[in-house]
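Peer 1: here are the coordinates; sequence isn't available:
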């Protein structure tokens with residue numbers, strides 16, 4: 001959900017990811033953890049679908065914050081945080097979503113194919129962007 005902000009689209013991506021994993025399992029070289037490999041497939045599927053959608057739709061992807069769950073109804077800051085994340089560039093949204101899922105930065109670096117230092121810098125910048133939005137809207 002954090003990557004595409006649309007529950008139906010997210011379900012489709014999950015299904016495509018599992019199909020890709022199933023088809024490519026014989027090609028898994030065990031050079032990384034299986035969860036890192038699967039996560040990379042999921043990220044690639046998300047990025048590919050987002051890129052396809054951009055080509056077919058002139059407008060940018062609409063920011064869609066689903067009707068909130070009972071916990072979110074009472075937490076204006078959480079709703080605003082989700083909105084801020086939804087407005088980030090796709091790669092930034094993926095990175096911060098992985099951070100929020102408590103995936104280690106080393107694993108994020110492997111998934112994205114960048115250095116761990118690069119991930120640290122990106123996370124720091126993303127947090128800065130989100131903090132700035134909170135300050136601008138008096139949420140912080």
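Peer 2: Received, thanks. Everything numeric in this text was worked out from a predicted model, so none of it was measured.

Peer 1: Would you mark the buried spots in the lengthiest helix in the chain?
Peer 2: Counting residues, the longest helix found in the chain (DSSP state H) is helix 34-56. Burial within helix 34-56, assessed by neighbour count using 16 or more other Cβ atoms under 10 Å, is assigned to 36-43, 45-46, 49-50. The way it works is simple: take the backbone N, C-alpha and C, and place the C-beta from them, glycine included.

Peer 1: Now flag whichever of those residues is closest to residue 133.
Peer 2: Compare each of the buried residues of helix 34-56 with residue 133 using Cβ to Cβ and the shortest gap goes to residue 50, at 21.3 Å.

Peer 1: Quickly note the distance from the closest one to residue 1.
Peer 2: 14 Å (Cβ to Cβ, to the nearest Å).

Peer 1: Can you list the low-confidence ranges for this structure?
Peer 2: Regions of the chain meeting the criterion pLDDT under 70 cover residues 2-3, 5, 53-74, 139-140.

Peer 1: Residue 32: what secondary structure?
Peer 2: Per DSSP: H, G, I helix; E, B strand; the rest coil, the secondary structure class of residue 32 is coil.
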